[in-house]
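J.: What follows is a predicted structure for the sequence shown.
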Amino acid sequence: MQKLNLPEYSFRFKTLEGKTFVFDVLRKKFVRLTPEEWVRQNFVHFLIHQKKFPATLVALETGVKVNNNPLRADLVVFDRMGQPLLIAEFKAPEVKISQQTFDQIVRYNMQLKVPYLVVSNGLSHYCCRISYSDNSYAFLPDIPCFSEII
């Protein structure tokens with residue numbers, strides 16, 4: 001798979017019927033390895049190992065309803081009380097991060113109302129802090145550590 005703008009991690013792979021699968025440490029099962037899944041798996045390890053996010057507070061492909069339409073957020077991080085803190089949307093490395101990508105994550109946030117939004121294609125990463133008290137937002141220079149957002 002493509003080298004990403006993230007630290008390198010060890011993964012378990014298997015091949016079935018000519019298709020490659022990667023072991024997902026959060027879902028505790030092998031999942032089909034696509035370019036987007038490669039970004040998701042690497043980013044999960046980045047959050048857990050570099051940014052010290054507790055694995056037990058990170059959920060993948062979390063169901064979100066927007067205007068009665070069921071959608072799935074790629075990744076949601078919760079605080080220790082079970083409240084969502086951060087939503088992340090991942091794209092394959094060849095997909096350019098666009099306004100459409102941000103619109104997608106903002107739609108998910110209409111229900112969850114988290115203070116942090118992250119968008120990544122594995123090569124470019126964007127993190128936005130939302131302040132609901134003054135209806136503002138700011139892009140951060142880096143993804144914060146878990147201890148900085150709780």
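T.: Perfect, I can see it now.
J.: Every contact and neighbour count from this point should use C-alpha atoms.
T.: Fine.
J.: Just give the nearest non-adjacent residue to residue 79, would you?
T.: Excluding the flanking residues, the one nearest residue 79 by CA to CA, 6 or more residues apart in numbering is residue 85, at 6.2 Å.
J.: Which secondary structure elements does the host helix or strand of that neighbour sit against?
T.: Using DSSP states H and E, residue 85 maps to strand 84-90. The contact analysis (3 or more CA pairs under 8 Å, 6 or more residues apart in numbering; DSSP states H and E) places strand 84-90 against helix 35-45, strand 69-78, helix 99-112, strand 116-120.
J.: Any chance of CSV for these, columns distance to residue 15?
T.: Formatted as CSV, those follow (distance: least, CA to CA, whole Å):
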stretch, distance to residue 15
helix 35-45, 15
strand 69-78, 24
helix 99-112, 31
strand 116-120, 26
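J.: Mind telling me which of those the model trusts least?
T.: Of all the helices and strands packed on strand 84-90, strand 69-78 carries the lowest average pLDDT, namely a mean of 85.
J.: Can you give the contact residues for that one?
T.: Strand 69-78 is contacted from outside by 40, 57-65, 84-90, 105, 108, using CA atoms under 8 Å, 6 or more residues apart in numbering.
J.: Within its sheet, name the partner strands of it and how each one runs.
T.: Strand 69-78 pairs in its sheet with strand 58-66 (antiparallel), strand 84-90 (antiparallel), by DSSP bridges.
J.: Go through those strands and pick out the most buried.
T.: strand 84-90 (a mean of 23; mean count of other CA atoms under 10 Å).
J.: quick one: average pLDDT of it?
T.: pLDDT averaged over strand 84-90 gives 96.
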